[in-house]
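S.K.: 3D, please:
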Amino acid sequence: MASRRTFIKWSALSAAILSVKRNYASGFPIPGKDVKPPVVVISTWNHGLAANAEAWKILSSGGTALDAVEKGVMNTEADLTNSSVGLGGTPDRDGHVTLDACIMDEKGNCGSVCFLDHIKHPISVARKVMEKTPHVILVGEGAKKFATDNGFLVETFDRTPSADAAWKTWLEQSKYAPVTNYHNHDTIGMLAIDSFGNLSGACTTSGLGYKMHGRVGDSPIIGAGLFIDNEVGAACATGTGEEVIRICGSHTVVEMMRAGKTPEGACRTAIERISKSPKDLKGMQIGFLALNKKGEFGSYSLRKDFSYAVQSSEIPNGMRGSEHKW
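M.R.: Take a look at the predicted model:
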């Protein structure tokens with residue numbers, strides 16, 4: 001017969017084993033056996049390749065995820081041939097290019113700008129909002145004044161020649177018909193985990209092409225287009241922002257990872273919620289990216305052909321396709 005001392009010893013050991021299993025299943029580090037996650041950066045769509053390469057310069061030299069995601073998406077903002085991000089973006093119905101962006105760090109600090117025009121790098125203005133004001137979001141003329149007060153230059157052109165020509169062609173019919181996947185909502189969202197094990201994210205866009213003047217989508221909204229929880233993981237979204245906002249999409253993805261789902265499984269849950277919408281989703285694309293605290297990543301989209309770029313200390317910079325519902 002086992003002695004009381006033996007019983008207590010085995011009971012304590014069983015409790016310890018259960019605790020380790022519980023910690024492992026939840027995705028949190030195992031006490032006393034912490035393994036540093038790989039350094040990772042992921043971002044949406046094909047333009048993520050160049051953006052990741054820029055971010056990797058910072059991450060590979062021991063820099064922070066926050067610096068990396070800002071510099072990474074700045075690369076896309078500066079590309080005037082990109083029709084969905086930055087000043088080269090497709091204008092709204094009235095011919096104005098308006099920009100939205102947000103950024104969030106590992107401490108829960110965040111900043112955002114909406115409906116900003118004539119500023120080359122809205123992501124950097126969003127970071128200034130985060131670091132220099134008590135607010136989270138600045139919009140329109142207020143955001144622009146804040147930008148210029150902080151040294152950002154005002155660009156004088158209204159549209160690039162290619163965007164101007166496309167807008168004038170669109171005016172011939174003025175038909176609002178968003179294009180699935182390409183040329184209309186290729187937001188860049190970027191997530192990274194650095195050598196310190198900290199997560200950050202950034203999101204920037206010129207929004208839906210030929211949108212109503214004043215429209216703002218999910219990209220600059222913390223919890224919709226982007227969300228970071230440094231204990232759990234990070235998520236970002238791309239596609240038709242109205243549907244992402246309805247379910248607080250990126251926050252939903254992070255909460256699903258908190259509940260134990262893999263990054264891909266969490267993204268899939270968010271897409272399945274959107275797919276139950278009573279609204280007609282025909283012609284819409286929505287995709288989510290997720291990165292957890294262990295450096296695991298995944299994606300899921302409403303339709304096929306959503307791609308994302310990934311680079312890590314274990315994987316060279318390259319493209320991957322997302323799993324999708326339809």
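S.K.: mean confidence score for stretch 171-189?
M.R.: Average pLDDT, stretch 171-189: 70.
S.K.: swap that for stretch 243-254, please
M.R.: Regarding stretch 243-254, the rounded mean pLDDT is 97.
S.K.: Kindly check the end-to-end length of that stretch for me.
M.R.: One end of stretch 243-254 sits 17 Å from the other (Cα to Cα, to the nearest Å).
S.K.: Point out where the stretch 51-200 of the chain drops to low pLDDT.
M.R.: 177-185 (pLDDT under 70).
S.K.: which residues in it form helices?
M.R.: With helices called from DSSP state H, counting those that start in this stretch, the stretch 51-200 of the chain shows them at 65-77, 122-132, 140-149, 161-171.
S.K.: which strands and helices sit next to the second one?
M.R.: Contact analysis of helix 122-132 by 3 or more Cβ pairs under 8 Å, 6 or more residues apart in numbering; DSSP states H and E lists helix 65-77, strand 99-104, strand 110-116, strand 137-139, helix 140-149, strand 199-205 as its packing neighbours. (Glycine included, C-beta is placed from N, CA and C.)
S.K.: one more time with 6 Å
M.R.: helix 65-77, strand 99-104, strand 110-116, strand 199-205 (3 or more Cβ pairs under 6 Å, 6 or more residues apart in numbering; DSSP states H and E).
S.K.: what does it contact?
M.R.: Counting by Cβ atoms under 6 Å, 6 or more residues apart in numbering, helix 122-132 makes contact with 70, 73, 99, 101-103, 109-113, 116, 138, 147, 150, 202, 204, all of which sit outside it.
S.K.: Pull out the buried residues from that helix.
M.R.: Within helix 122-132, the residues that count as buried by 16 or more other Cβ atoms under 10 Å are 122-130.
S.K.: Disregarding residues adjacent in the polypeptide, which is nearest to residue 154?
M.R.: residue 118 (4.9 Å; Cβ to Cβ, 6 or more residues apart in numbering).
S.K.: list the contacts for residue 202?
M.R.: 69-70, 73, 103, 123, 190.
S.K.: Make a markdown table out of the residues you listed and add distance to residue 175.
M.R.: Output for those, formatted as a markdown table (distance: Cβ to Cβ, whole Å):
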| residue | distance to residue 175 |
| --- | --- |
| 69 | 36 |
| 70 | 37 |
| 73 | 31 |
| 103 | 35 |
| 123 | 31 |
| 190 | 32 |
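S.K.: Now which of the contacts of helix 122-132 would you call buried?
M.R.: So, by 16+ other Cβ under 10 Å, the buried ones in these are 70, 73, 99, 101-103, 110-113, 116, 138, 147, 202, 204.
S.K.: Surely residue 222 and residue 110 touch.
M.R.: Yes. Contact criterion Cβ atoms under 6 Å: residue 222 and residue 110 qualify, at 4.9 Å.
S.K.: Do a quick rundown of the strands in this protein.
M.R.: For the chain, applying DSSP state E gives strands covering 40-44, 99-104, 110-116, 137-139, 188-193, 199-205, 226-229, 233-239, 286-292, 297-301, 307-312, 318-321, 323-324.
S.K.: Need those in TSV (columns: distance to residue 77).
M.R.: Shown next, in TSV, are those (distance: least, Cβ to Cβ, whole Å):
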stretch	distance to residue 77
strand 40-44	13
strand 99-104	8
strand 110-116	11
strand 137-139	17
strand 188-193	8
strand 199-205	6
strand 226-229	15
strand 233-239	15
strand 286-292	18
strand 297-301	22
strand 307-312	16
strand 318-321	20
strand 323-324	27
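S.K.: Figure out which of these is closest to residue 168.
M.R.: Minimum separation from residue 168 across the strands of the chain (Cβ to Cβ) falls at strand 99-104, 21.0 Å.
S.K.: on contacts alone, who are the packing partners of the closest one?
M.R.: Partner elements for strand 99-104 (3+ Cβ pairs under 6 Å, 6+ apart): strand 110-116, helix 122-132, strand 199-205, strand 226-229.
S.K.: Give me the contacts around that strand.
M.R.: 110-114, 116, 122-123, 126-127, 201-206, 216, 219-220, 222, 226, 228.
S.K.: Please repeat the previous calculation with a cut-off of 8 Å.
M.R.: When contacts are defined by Cβ atoms under 8 Å, 6 or more residues apart in numbering, strand 99-104 is touched by residues 66, 69-70, 73, 86-87, 89, 110-117, 119, 122-123, 125-127, 130, 200-207, 216-217, 219-222, 225-228.
S.K.: what's the span of stretch 115-131, first residue to last?
M.R.: End-to-end distance (Cα to Cα), stretch 115-131: 20 Å.
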